[in-house]
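**Q** Sequence first, then the predicted structure, then my questions.
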Amino acid sequence: QVQLVESGGGLVQAGGSLRLSCAASGSVSMINGMGWYRQAPGKEREFVGAITMSSGSTYHADSVMGRFTISRDNAKNMVYLQMNSLKPEDTAVYYCVSSRGTAQTMRILIDSWGQGTQVTVSS
């Protein structure tokens, strides 16, 4: 079993930046891809992006392309989400996920979820 712990959320003004971190522990050998989802109040959970841990290949949602970047540190079993040019509509709880799938396939095979970290963007 994999445990995921997010950190780095907070309150930021529109146009600002935040970096989220996610630490994986437990059965990390099972992890092929890691990524991020978000859920805004009253909305469905939305895929943000993912990364294949071995290759570093990434896949981002259109809504964040060019503003958000996923990276990883395999030695630390960590994944990061650098968020730039934040908008009020980026306000959400951000969840880290892990999967046996790759960045491109993991959305249909999420194995573990973190508890989430709140990101609030003020206008």
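**A** That came through fine.
**Q** tell me the mean pLDDT over stretch 26-33?
**A** Mean pLDDT, stretch 26-33: 95.
**Q** which parts of it are buried?
**A** 31-33 (16 or more other C-beta atoms under 10 Å). Yep, even glycine has a C-beta here, placed from its N, CA and C like the rest.
**Q** In this protein, which residue is most central in space?
**A** Trp36 (2.4 Å; C-alpha atoms, centre = their mean).
**Q** residues contacting that residue?
**A** 20, 22, 48-50, 70, 79, 81, 94-97 (C-beta atoms under 8 Å, 6 or more residues apart in numbering).
**Q** could you redo the buried residues of stretch 26-33 as TSV and give each row distance to Ala75?
**A** Shown next, in TSV, are these (distance: C-beta to C-beta, whole Å):
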residue	distance to Ala75
Ile31	14
Asn32	17
Gly33	17
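**Q** residue ranges with poor pLDDT in this structure?
**A** Within the chain, no stretch has pLDDT under 70.
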